[in-house]
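*Asks:* Pasting the sequence and the predicted coordinates here, then a few questions.
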Amino acid sequence: MTAHHAHPAPPLTLDDLARLDDLAAEEKAPDEVREGLATVRAPVTMPPGERLRLKDGGTFILPEGSFYGRAMTETELHEMGTLRAPDTPPRPHRPLWQPLLHYPRPTGPSLKMMRRINGTAVIPLTTGVYGEYPPRQTFFPSGFPWSCIGRIFIRNDAGSPNWDASGTAVLVGKRAVLTAAHAVPWGAPNASIQFVAGYFDGNSSAGAGGQSWATAAHGYAGQDVTAHDMAVLRLADPLGDWLGGMGARPFDDSWRGGAYWTSVGYPGDVDNGERPSFQSSIHVIDDDEDGDAQELEHHADETPGDSGGAFFGTWSDGPYAVGTVSGFEQVSGPLSIGNEDNNISAGGNALTGLVNFARTTWT
């Protein structure tokens, strides 16, 4: 008698979600949550041993070498396979004061348009855009889980007045966000990353306090391989308790070809990254195993700024990330036979192991 492996149930399709009612907030947010989301936190880092000096008239003088923000004090790369996945995938968390929206609220045009000399419109040609699905749509990130997704601003030197790059991340724990490892400046001794939840037109949709600075970053030593291109950042503030967070689970082969998945990010070629955009009903073409990690191949439209974004599906108990947006691949075969190109998200048990590490370590 042959034993058959029982495959886990797939996520809900967009048609399934369309038949479900959104859920209103069921409780009033506690005072500490309302205060936390309303309070501007502007940390200033000063050289060791220095302190603020008070001028006549009550104004403060910052010592030379001070800067706004904070540098990460801990970065660590774990050997592949050392962060074991839990028996039960980390589940999503929706605070009862956050409404549940199955579909985000769309905003203006989804693509920046250029024009030819004669005035006709042209869509910018960018790597990683396939046009197989409806164009990426910008949205206002209100409610759960949309306000849990945010933009990250990366500085190789925390004292620099300007950020060097930006990407996307999603809350997955009390103080943890999931992003791409290649977004983290691992070798920089004084780097900083700021996460702004629900970033929209320069601000957090959750309030002035809906942002936090990363104090630590953990990833895998093999992050130069796309399957392990994932990292978690520890935030100075418990945004995950205030706004909620996604769960995480590995992709199952039986889900290949199903139009279950949504990709969300802040690509520079859509409203200059100032508004989040999403694409839904995506299907995974193939998945390649690399130890405990997976490369999920698909044709969602993803370009610079999407890196680190959640590639997720929604089950009856909420949204689970099965991958984090990594990059774009081109494969060339002999005589062009077998040529292909795909966008890649990093996932697998490596993902759930990393998220579980962040949740259990950063309480």
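*Replies:* That came through, no problem. Numbers count the residues shown, from 1 in each chain.
*Asks:* Please work out the average pLDDT along stretch 68-77.
*Replies:* Stretch 68-77 shows a mean pLDDT of 93.
*Asks:* For that stretch, buried residues please.
*Replies:* 69-72, 75, 77 (16 or more other C-beta atoms under 10 Å). Any C-beta I mention is one placed from the backbone N, CA and C, and that applies to glycine too.
*Asks:* List the contacts of that stretch.
*Replies:* 42-45, 155, 158, 184, 186, 190-194, 213-221, 223, 234, 236 (C-beta atoms under 8 Å, 6 or more residues apart in numbering).
*Asks:* hmm, back to that, now, among the buried residues of stretch 68-77, which is nearest to residue 108?
*Replies:* residue 69 (30.8 Å; C-beta to C-beta).
*Asks:* Please determine how far that closest one is located from residue 157.
*Replies:* Look at residue 69 and residue 157: by C-beta to C-beta, to the nearest Å, they are 11 Å apart.
*Asks:* can you check residue 36 too?
*Replies:* Counting by C-beta to C-beta - residue 36 and residue 157 are separated by 29 Å.
*Asks:* repeat for residue 245
*Replies:* 30 Å.
*Asks:* do the same with residue 27
*Replies:* 43 Å.
*Asks:* Mean pLDDT per helix and strand in the protein: which one sits at the bottom?
*Replies:* For the chain, counting by mean pLDDT, DSSP states H and E, strand 121-122 ranks last in confidence among helices and strands (a mean of 52).
*Asks:* The next helix or strand after it - contacts with which helices or strands?
*Replies:* Next along the chain after strand 121-122, taking DSSP states H and E as the criterion, comes strand 137-140. Judged by 3 or more C-beta pairs under 8 Å, 6 or more residues apart in numbering; DSSP states H and E, the packing partners of strand 137-140 are strand 105-106, strand 277-282.
*Asks:* Can you point out the buried residues in the longest one?
*Replies:* Within strand 277-282, the residues scored as buried using 16+ other C-beta under 10 Å are 277-280, 282.
*Asks:* Considering these, which is situated nearest to residue 141?
*Replies:* residue 278 (9.7 Å).
*Asks:* Identify the residue spatially nearest to the closest one, adjacent ones excluded.
*Replies:* residue 264 (4.6 Å; C-beta to C-beta, 6 or more residues apart in numbering).
*Asks:* Surely that neighbour is within a strand?
*Replies:* Yes - when DSSP: H, G, I helix; E, B strand; the rest coil is applied, residue 264 is found to be in a strand.
*Asks:* Let the chain start at 892 from now.
*Replies:* Done: numbering now begins at 892, and the last item shifts to residue 1155.
*Asks:* and it, what is it in contact with?
*Replies:* Residues counted as contacts of residue 1155 (C-beta under 8 Å, 6+ apart) are 1037, 1040, 1059, 1061, 1167-1169, 1200-1201, 1203.
*Asks:* burial measure for the nearest residue to residue 1019 once chain neighbours are set aside, as a count.
*Replies:* Closest residue in space to residue 1019, ignoring its immediate chain neighbours: residue 1219 at 4.4 Å, by C-beta to C-beta, 6+ apart. Number of residues near residue 1219 (other C-beta atoms under 10 Å) recorded here: 17.
*Asks:* Can you verify my assumption that residue 1219 contacts residue 1234?
*Replies:* Yes - taking C-beta atoms under 8 Å as the definition, residue 1219 is a contact partner of residue 1234 at 5.4 Å.
*Asks:* List the residues that are in contact with both of the two.
*Replies:* With C-beta under 8 Å, 6+ apart, residue 1219 and residue 1234 have common neighbours 1019, 1193.
*Asks:* give me the low-pLDDT residue ranges for the stretch 1042-1191 of the chain?
*Replies:* 1114-1116 (pLDDT under 70).
*Asks:* Strands of that one, start to end?
*Replies:* Taking DSSP state E, counting those that start in this stretch as the criterion, the stretch 1042-1191 of the chain carries its strands at 1056-1062, 1067-1070, 1083-1088, 1090-1091, 1094-1095, 1102-1111, 1122-1126, 1138-1139, 1152-1156, 1168-1173, 1175-1181, 1184-1189.
*Asks:* Also the stretch 892-1041 of the chain?
*Replies:* 935-936, 944-945, 951-952, 958-959, 965-969, 996-997, 1005-1006, 1012-1013, 1028-1031, 1040-1046.
*Asks:* looking at these, which is buried most?
*Replies:* The highest mean neighbour count among these, using mean count of other C-beta atoms under 10 Å, belongs to strand 1040-1046: a mean of 24.
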